[in-house]
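Enquirer: The amino acid sequence is not available; the structure is as follows:
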Ligand code: GDP
Ligand code: MG
């Protein structure tokens, strides 16, 4: 048997789903759209039941991918039963979707969730009466506390074995005659879900109109006999919505009884007075964020070094863990190298495995602890109900740039790594906004780019290194803002989706939920990162070690395929300043290798600009001084700035391309986005070089 969970966003669907399915859950994608599809097993009944967590929606109209996915699933894949989850603290609003689900010819059981909150508020809901009015079983539950789950599932199982025909609020309305006519018309044609389709056709729903194009003339004739109220201006959709609300208001009267006075503040209200306060709300949020970044990324915990308390700063847990994982990888890499050498493996094999695959994996996976910590922090914020508030606070600011508050979190995460950030855009409901956010993501300087800024600012701008690095971050943000405004005026025209979001009550995060959340994210990240990086590394290693006759050449030299290609495409970069001169091709090669992974820019330059010194000699003081000198003589300040600007804004890395591809939904979009990144990088870099030259930094 198969049960589908349907309900509004934030009604507790995922919590219930996790409680029902536990470790059997797995996440996939709905075909064609980037909406998560979660499926799992409930095993405590006579037979196993598959549970499908449908996307959270407010209605079954065909406007968002979530709505279409849910609707198509229920109509086409015919689950045995729909469990409609309702947030009991928001009963009337949630029933709007219920009135639509009840129109479908499918057994329905209502799970009245969050009963713990309802009881705490001292509210009473007369379930018996509501059950009678809606005509389907209603089981009070608390998904969070796992209360009532067993009786819910038993009732659902029994109900799933029965048949149910759809029922609509239109039956007893001023349109009932016409509605009845359309229903019998559809029944005569043996249409599936005649009640649901009749209502949709009355509403003028685009999907249904397409499916029943042959019946439209007859239906229009029936619709013409309806006289709508003047203020509705012939808008049938609004008229039906109106009827639903009227029905809900009429039927909920007397069912909900508040025992406390309504002006009494709940605990959540009290916390919100501080956390969503007009003046201190955003500063507090920034403070929380800063604390998180500080714990994850700083090498000087609590600024003990900066304030002169300690000689040397204490590492944050994030940096410490990163070092530990890095060391572990170091052992693995050198151990593998030794083993391979001992068994007499050839030089190219050792090079491929050790310098290629393992070193490449190390570059990505050593960031795992920090990524995990960031996700942990985010899960806690989300599960406690705080994230909803943060998005609400930022909404006002971001709206000016065509984004809503929900885009704020992913954008902030980009300063760490744009891969998880792009994956986090799944929380955005509007596909346009999701795409816009993914496209802006690389402009926020990620962790892997920092070594480039560090290397150049010290070599070319001694004494002003801090200003240069700060300026680069700023350049990224300004570019993102300008790009957002331009894209919004051209590609993504239209209203920013209204930001409707329930603010769930605050509560302590559940350990199980947080762990599941984390595991889900981790699995995806490791899988994507490893497959992409391992593949890319093999390719780049090959191109930088072989020439076109497939002979091994000195690694990263001008004779390698990478060197030859670098010289070939060098003219494209000459207007940007950094590709001119005899050493110009090296900067081009470094930039190109940076398209695979930004970590490679620094190591490529380390080799190319330091003849005779191997890549890891960078850590050696003498070597990096020599590199500084070469860089300072090869790059004018203007060229260095242009080089940094290009690397900041162009394709961040292959992992990001893969992540973007997953979220953008379609090869065409991925190609467009890559072109957009490179184009923006080129233009800004060009402007930076010319402005800097005009200002006298041309060398
Ligand atoms: P979804 O958007 O429908 O998947 O909702 P989630 O499962 O993510 O839950 C939204 C929020 O409501 C989370 O913060 C949950 O912890 C919380 N929540 C879920 N079920 C309950 C419940 O029974 N009682 C209370 N108080 N909170 C709940
Ligand atoms: Mg959910």
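Expert: Okay, I see it. Fair warning: this is a prediction, and the values are worked out from it, not measured in the lab. Ligands and ions are numbered 1, 2, ... in the order given.
Enquirer: ok, the residue of the chain positioned farthest from its centre - contacts?
Expert: No residue in the chain sits farther from the centre than residue 225, which is 47.3 Å out by Cα atoms, centre = their mean. Residue 225 is in contact with residue 178, counting by Cβ atoms under 8 Å, 6 or more residues apart in numbering. Heads up, the C-betas are built off the backbone N, CA and C, glycines and all.
Enquirer: before we move on, what about residue 6?
Expert: Residue 6 neighbours (Cβ under 8 Å, 6+ apart): 13, 54, 57, 70, 74, 82-85, 97, 101.
Enquirer: again with residue 8
Expert: Here residue 8 is in contact with 56-58, 86-87, 90, 93-94, 97, 502 (Cβ under 8 Å, 6+ apart).
Enquirer: run the last query once more with 6 Å
Expert: With contact taken as Cβ atoms under 6 Å, 6 or more residues apart in numbering, residue 8 is in contact with 56, 58, 94.
Enquirer: Need the per-residue pLDDT for it.
Expert: On the pLDDT scale, residue 8 is placed at 91.
Enquirer: same check, this time on residue 497
Expert: Note on residue 497: pLDDT of 57.
Enquirer: Ok, residue 138 next?
Expert: In this model, residue 138 carries a pLDDT of 97.
Enquirer: okay, now it: neighbour count?
Expert: 22 (other Cβ atoms under 10 Å).
Enquirer: doesn't residue 109 make contact with it?
Expert: No - using Cβ atoms under 6 Å, residue 138 makes no contact with residue 109, being 7.7 Å away.
Enquirer: Tell me the one among the contacts of residue 6 nearest to residue 551.
Expert: residue 54 (57.5 Å; Cβ to Cβ).
Enquirer: my guess is the closest one meets residue 3, correct?
Expert: No - with contact defined as Cβ under 6 Å, residue 54 and residue 3 do not form a contacting pair (10.5 Å).
Enquirer: Where do the helices of the stretch 1-150 of the chain begin and end?
Expert: 13-21, 65-76, 91-101, 115-121, 127-134, 149-160 (DSSP state H, counting those that start in this stretch).
Enquirer: what packs against the first one?
Expert: What that stands for is helix 13-21. Under the contact criterion of 3 or more Cβ pairs under 6 Å, 6 or more residues apart in numbering; DSSP states H and E, helix 13-21 touches strand 2-7, strand 36-42, strand 49-53.
Enquirer: Pairing partners for the first one, with directions?
Expert: Each strand paired with strand 2-7, and its direction, by DSSP bridges: strand 49-53 (parallel), strand 81-87 (parallel).
Enquirer: What about residue 679, how many residues nearby?
Expert: 12.
Enquirer: could you measure it against ligand 1, distance?
Expert: 37 Å (Cβ to the nearest ligand atom, to the nearest Å).
Enquirer: quick one: what helix or strand has that residue in it?
Expert: According to DSSP states H and E, residue 679 maps onto helix 667-692.
Enquirer: residues of that helix that come out buried?
Expert: The neighbour-count check on helix 667-692 (16 or more other Cβ atoms under 10 Å) flags 669-670, 673-674, 676-678, 680-682, 684-686, 688-690, 692 as buried.
Enquirer: sorry, back to before: out of the helices of the stretch 1-150 of the chain, which is closest to residue 573?
Expert: Going by Cβ to Cβ, the one of those nearest residue 573 is helix 65-76, 39.4 Å.
Enquirer: Check the offset of the closest one from the chain's centre.
Expert: 21 Å (Cα atoms, centre = their mean, to the nearest Å).
Enquirer: Also stretch 104-114?
Expert: Worked out by Cα atoms, centre = their mean, stretch 104-114 lies 29 Å from the chain centre.
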